[in-house]
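Engineer: below is the sequence, then the predicted model.
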Amino acid sequence: MDVWIRWARRKAICKWCSEVITAGTPEVITKYWRPGKWSILTRYHAECWLKQGLDYLDKHPHISKRLAITDDQSKARLLLLRRWATCKCRLKKAIIVSNHKAIERLVSSMHTIVEEIDKVGGVPATWVTMAEKSE
Ligand SMILES: [Zn+2]
């Protein structure tokens, strides 16, 4: 979608308030491109463009992606994330040199980390997809 503002060249009807946009006053124009077809132009009073945008945001509220956990849980979670990263790195090295004892120990540690992190905000989505890939 293209959006631009300009001085209205002719009389038009505002999509938001249905009132007349007088020639020579600011108007906001939106243009929807439809592949292989015609495009749709929509006109607004400059103020109405802002109002319709804010109205859209009101109807689609911001959803925070932050986890609802306490500061202590957050600290514990961070430690588990770090332990996981360390294990993952060591596991890669153990696999390269075929150190089966180390692989077993590291996989076991990672299982424990998964169980622990599940209690402090849940298992990260990337860990889940990683487990699915290895199966
Ligand atoms: Zn208007």
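Structural biologist: Received the coordinates, thanks. None of the values given here were measured: they were computed from a predicted structure.

Engineer: all strands of the chain, in order?
Structural biologist: 2-7, 12-13, 20-21, 26-32, 40-45 (DSSP state E).

Engineer: the ion: which of the ones you listed is closest?
Structural biologist: Among these, the nearest to the ion by Cβ to the ion is strand 40-45 (3.5 Å). Yep, even glycine has a C-beta here, placed from its N, CA and C like the rest.

Engineer: show the average pLDDT along the top helix by length along the chain.
Structural biologist: Criterion DSSP state H: the longest helix present in the chain is helix 71-96. Averaging pLDDT along helix 71-96 yields 94.

Engineer: now the strands of the chain as a markdown table including mean pLDDT?
Structural biologist: Output for the strands of the chain, formatted as a markdown table (pLDDT from 0 to 100):
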| stretch | mean pLDDT |
| --- | --- |
| strand 2-7 | 96 |
| strand 12-13 | 96 |
| strand 20-21 | 97 |
| strand 26-32 | 94 |
| strand 40-45 | 94 |
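
Engineer: can I get those in CSV including distance to residue 115 and mean neighbour count?
Structural biologist: Below are the strands of the chain laid out as CSV (distance: least, Cβ to Cβ, whole Å; neighbours: other Cβ atoms under 10 Å):
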stretch, distance to residue 115, mean neighbour count
strand 2-7, 50, 10
strand 12-13, 62, 15
strand 20-21, 62, 18
strand 26-32, 50, 17
strand 40-45, 54, 17
